[in-house]
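Undergrad: Starting from these lines, generate the structure:
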Amino acid sequence: MGSLSNKVNDGAYATMIERIEAINNPNFFFMHYNKKDLRVKNFIMVPKHFFSTEIVEKRKPLSENAKRAGWVGCNIVLKQIPEEGRIYIVKDEMEQSVEAILAKVQKTNFICEYKLDARGWVLDILNCINKIESRDFTLEQMYQFVPMLEIKHPENRHVRDKIRQQLQILRDKGIIEFKGRGRYKKI
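TA: Coordinates of the predicted model:
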């Protein structure tokens, strides 16, 4: 059988955006199961602080012939959520330990402290780090994401400084380790 899709259909787009911006959205749970034997293959929790407007994709309005003509739904784009925000409760039919689940949740709870706009930077930098395949990476590798981050954050004219700031925060929170001279390691 397949795996959990990168996009998950959700409800009304405007309602979802409103909930995220009001920061009263719930934690989300996503389940993938085998349709033949109904066994749970993967069961994932995404803590609410990993939700930003960027992960919500607006769908086309329903056609004028539809029962709810003009209604606009949304998709949740799971690949936009950093790996640290996709917490497996069951992975490949194997139940994960409660201790491991709680440790992963607690490790990223600091993101709740940030307002939505500042949270976007932390999540963007986490996603950039996760795009680097090796466990060790450099500041120069992070600077390769500057053009993309400039497009996402046109109001910020100091993107390189912001990258360094976010790396310091992630270092202080135990997500990455600073190895010296612009070198880092994913923990």
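Undergrad: can you give me the helices in the protein?
TA: Ranges of helices in the chain, per DSSP state H, are 13-21, 98-108, 116-131, 139-143, 146-152, 159-172.
Undergrad: Next up, the contacts around the nearest residue to Tyr33 once chain neighbours are set aside.
TA: Residue nearest to Tyr33 in three dimensions, not counting chain neighbours: Val40, with 5.0 Å by Cβ to Cβ, 6 or more residues apart in numbering. C-beta coordinates here come from the backbone N, C-alpha and C atoms, glycine included. Val40 sits next to Met31, His32, Tyr33, Val90, Glu93 when contact means Cβ atoms under 8 Å, 6 or more residues apart in numbering.
Undergrad: Can you flag the buried ones in these?
TA: Among the contacts of Val40, those scoring as buried are Tyr33, Val90 (criterion: 16 or more other Cβ atoms under 10 Å).
Undergrad: Including pLDDT and distance to Asn25, could the contacts of Val40 go into TSV?
TA: As requested, the contacts of Val40 are arranged in TSV below (pLDDT from 0 to 100; distance: Cβ to Cβ, whole Å):
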residue	pLDDT	distance to Asn25
Met31	93	18
His32	91	22
Tyr33	91	24
Val90	96	23
Glu93	94	29
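Undergrad: closest to Phe110 among the contacts of Val40?
TA: Nearest to Phe110 among the contacts of Val40, counting by Cβ to Cβ, is Val90 at 25.9 Å.
Undergrad: so what pLDDT did the residue nearest to Tyr33 get?
TA: Val40 is assigned 95 on the pLDDT scale.
Undergrad: same question, Phe51
TA: Model confidence at Phe51, given as pLDDT, is 88.
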